[in-house]
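*Asks:* Predicted model, plus sequence, below.
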Amino acid sequence: MNPSTIIPVIDFNDFDARKDVIAQEVFEACKKFGLFYVINHSVSPSQISQGFELSKAFFELPEEKKCEYSKVGKRLEGYVKLYGQKSDYRKQDKPDHKELYDFMPFREDTNPSHLMPITFLEHKKDIETFSKDLHALALQIFKLLSIELKLPTQKAKDGGEINDWLGQRHRYDKPNNPGILRFQRYPSGDAATHKDEPQAGAHTDFGTITLLFQKDVPGLELKLVDTDEWIPVPIIENACIVNIGGMLTLMSYGLLHSPFHRVVFTPEQEIKDRYSIGYFLQPESGIKISNMPSPVIPKEQPICEDVPNDILGMTSDDYLEYRYRKSLVKD
Ligand SMILES: O=C(O)CCC(=O)C(=O)O
Ligand SMILES: [Fe+2]
């Protein structure tokens with residue numbers, strides 16, 4: 001039995017035939033909540049379980065071993081140790097009680113596999129497929145949003161018209177950062193020590209959209225639009241949580257909402273580590289972030305609490321660098 005929640009649960013079953021209805025549901029959810037669940041999507045339960053198993057195998061390695069794969073210099077791939085990041089880089093005192101490992105898109109130019117731990121190298125092909133399948137799911141969502149935003153159409157191979165404006169700016173095989181696959185672990189521990197520290201501090205995501213899976217141990221919370229109310233985002237087995245990132249809010253002049261969310265310590269975490277898997281998207285390298293050519297977005301640029309408005313005009317990679325570096329805790 002799935003838990004009841006006011007957060008929209010959108011069924012992607014029979015996607016092509018039901019595309020218009022699904023597009024409307026997604027669009028409404030992005031405006032009202034900025035976060036929704038997708039069920040019956042194209043990423044299989046076995047791929048998700050394998051992702052969690054590989055994540056567990058890596059995080060259970062000794063600390064010194066994991067640190068051999070730490071991110072160094074400008075490298076975006078690799079390990080960030082426990083308390084190595086502040087999700088709320090503006091206000092948070094104590095860093096997040098979590099550790100993570102990031103994979104860059106699986107292309108020859110970005111994926112120096114000799115730096116990957118053996119745990120992952122042995123399953124590199126599967127992780128690559130997982131990352132590409134997550135990307136394909138994100139592209140479906142971009143297609144729905146492009147339709148609802150009435151963005152300019154492109155010529156299709158068969159001579160017809162397609163609307164894939166957003167997808168065309170998030171191509172997997174183009175240089176730099178269209179998607180980062182992230183494994184995260186929030187270690188278990190006693191409530192007295194951990195219940196008041198942020199597992200992930202309140203933040204909006206950096207990029208355009210994020211796909212997220214949680215397993216066994218809940219803890220994700222969502223701040224409702226225009227209120228101070230936080231509600232739990234319960235676990236729905238194998239459902240993909242989608243949330244809008246700050247960049248898409250700015251590009252849509254505030255129409256698509258990027259919600260504040262956070263991870264809090266729950267009683268379940270007293271006995272079990274919490275794991276999540278995220279896939280974070282942002283436009284291809286070199287693409288200037290600007291308002292979208294959509295007739296349905298507001299005319300005025302909004303003030304965004306968590307995203308500097310001066311990112312409009314920056315390239316997507318400059319912006320990622322800017323926000324990402326801010327969130328890392330200096331040694
Ligand atoms: O672990 C989670 O459930 C969410 C983490 C998160 O919000 C993030 O990594 O951006
Ligand atoms: Fe997040």
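*Replies:* Happy to help now that I have it. What you are looking at is a predicted structure, and each value in this text was computed from that prediction instead of being measured. Ligands and ions are numbered 1, 2, ... in the order given.
*Asks:* Quick one: low-confidence residue ranges for the stretch 51-200 of the chain.
*Replies:* Scanning the stretch 51-200 of the chain for pLDDT under 70 picks out the ranges 74, 109-114, 176-178.
*Asks:* Could you pick out the residues of it near ligand 1 for me?
*Replies:* 184, 200 (CB under 6 Å from any ligand atom). For glycine as for every other residue, the C-beta is placed from the backbone atoms N, C-alpha and C.
*Asks:* Would you indicate which residues of stretch 103-123 are buried?
*Replies:* Judged by neighbour count using 16 or more other CB atoms under 10 Å, the buried positions of stretch 103-123 are 103-106, 111, 116-117, 119-120, 123.
*Asks:* so which two of those are the farthest from each other?
*Replies:* Greatest spatial distance in the buried residues of stretch 103-123: 105 and 119, 19.6 Å, computed using CB to CB.
*Asks:* Name the member of the buried residues of stretch 103-123 with the shortest distance to residue 165.
*Replies:* The closest of these, once distances to residue 165 are taken by CB to CB, is residue 105, at 20.6 Å.
*Asks:* Can you verify the closest one is assigned to a helix?
*Replies:* No - assigned with DSSP: H, G, I helix; E, B strand; the rest coil, residue 105 falls outside any helix and is coil.
*Asks:* in terms of contact, does it touch residue 171 like I think?
*Replies:* No - applying CB atoms under 8 Å as the test, residue 105 and residue 171 come out as separate, 9.9 Å apart.
*Asks:* partner residues bridging the closest residue to ligand 1 within the chain?
*Replies:* Relative to ligand 1, the nearest point of the chain is residue 276 (3.3 Å; CB to the nearest ligand atom). Bridge pairing for residue 276 (DSSP bridges) gives the partners residue 184, residue 214.
*Asks:* Can you name the next helix or strand after the longest helix anywhere in the chain?
*Replies:* As assigned by DSSP state H, the longest helix anywhere in the chain is helix 124-148. Going down the chain from helix 124-148, the next helix or strand is strand 154-155, by DSSP states H and E.
*Asks:* count of neighbours near residue 319?
*Replies:* 24 (other CB atoms under 10 Å).
*Asks:* Give the closest residue to it in space, chain neighbours not counted.
*Replies:* Take residue 319 and drop its neighbours on the chain: the residue closest to it by CB to CB, 6 or more residues apart in numbering is residue 311, 4.9 Å away.
*Asks:* all strands of the protein, in order?
*Replies:* 9-11, 35-39, 78-80, 99-103, 154-155, 161-162, 179-186, 200-203, 209-215, 220-223, 230-232, 240-244, 261-263, 274-281 (DSSP state E).
*Asks:* so what strands line up beside the fourth one?
*Replies:* By that I understand strand 99-103. By DSSP bridges, strand 99-103 pairs with strand 78-80 (antiparallel), strand 179-186 (antiparallel).
*Asks:* Show me what the longest helix of the chain packs onto, helices and strands only.
*Replies:* helix 19-32, helix 45-59, strand 179-186, strand 209-215, strand 274-281 (3 or more CB pairs under 8 Å, 6 or more residues apart in numbering; DSSP states H and E).
*Asks:* can you give me the angle it makes with strand 99-103?
*Replies:* Relative orientation of helix 124-148 and strand 99-103, computed by axes from the mean of the first three to the mean of the last three CA atoms, to 10 degrees: 80 degrees.
*Asks:* so helix 124-148 versus strand 240-244, what angle?
*Replies:* 50 degrees.
*Asks:* What is the burial count for residue 46?
*Replies:* 10.
*Asks:* Please apply the same query to residue 135.
*Replies:* Quick note: residue 135 (other CB under 10 Å) scores 22 neighbours.
*Asks:* tell me the contacts of it?
*Replies:* 105, 170, 172, 178-179, 279, 281 (CB atoms under 8 Å, 6 or more residues apart in numbering).
*Asks:* Perfect, that will be all.
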